[in-house]
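Novice: sequence and predicted model, in that order:
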Amino acid sequence: MTDLMNMISGLLVLVLVLLLAWLCSRFLGKRMAYRTKSKYMNVVDQITVGQDRQVFILKVKDETFLVGSSPAGIELLTKLEGEYEEDDGTPSNVDKESFKSYLARYCETLSGKDKKN
């Protein structure tokens, strides 16, 4: 009986620790997202070009700049002309096919393999 109680109390402690970790990560994530927002400036796009080296497209009010960042510092590369859309976070080489159509196509290929066997 005591072994069962020890096991149940251990599981409850584990669940409590996981719940607290999840709540803390949500709280800290919201605070960090709030801190990274800027009223006048945003990062339109960025790419890593080497270890500790990135290139950013920054939009400041109505102007757009190409900026490089490295361990030596941050440097303005050039002022850009034209409009640049903000990155939506999805890689450009990813097909925007819906999951439902992808799953249907996958099931069709599986059923085709079953008929052959």
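Specialist: Sure, I can see it. Numbers count the residues shown, from 1 in each chain.

Novice: for this structure, which segments count as helices?
Specialist: 2-36, 99-116 (DSSP state H).

Novice: give me the neighbour count for S69.
Specialist: Other residues lying near S69 total 16 when counted by other Cβ atoms under 10 Å. Where you see a C-beta, it was placed from the backbone N, CA and C, and this is true even at glycine.

Novice: pull the contacting residues for it.
Specialist: Applying Cβ atoms under 8 Å, 6 or more residues apart in numbering, we find S69 in contact with R53, Q54, V55, F56, E75.

Novice: which residues touch L76?
Specialist: Going by Cβ under 8 Å, 6+ apart, the list of residues near L76 reads F65, L66, V67.

Novice: can you check the pLDDT for the last one?
Specialist: The per-residue pLDDT reported for V67 equals 94.

Novice: just list whatever residues bridge to it.
Specialist: F56, L76 (DSSP bridges).

Novice: cheers, nothing more for now.
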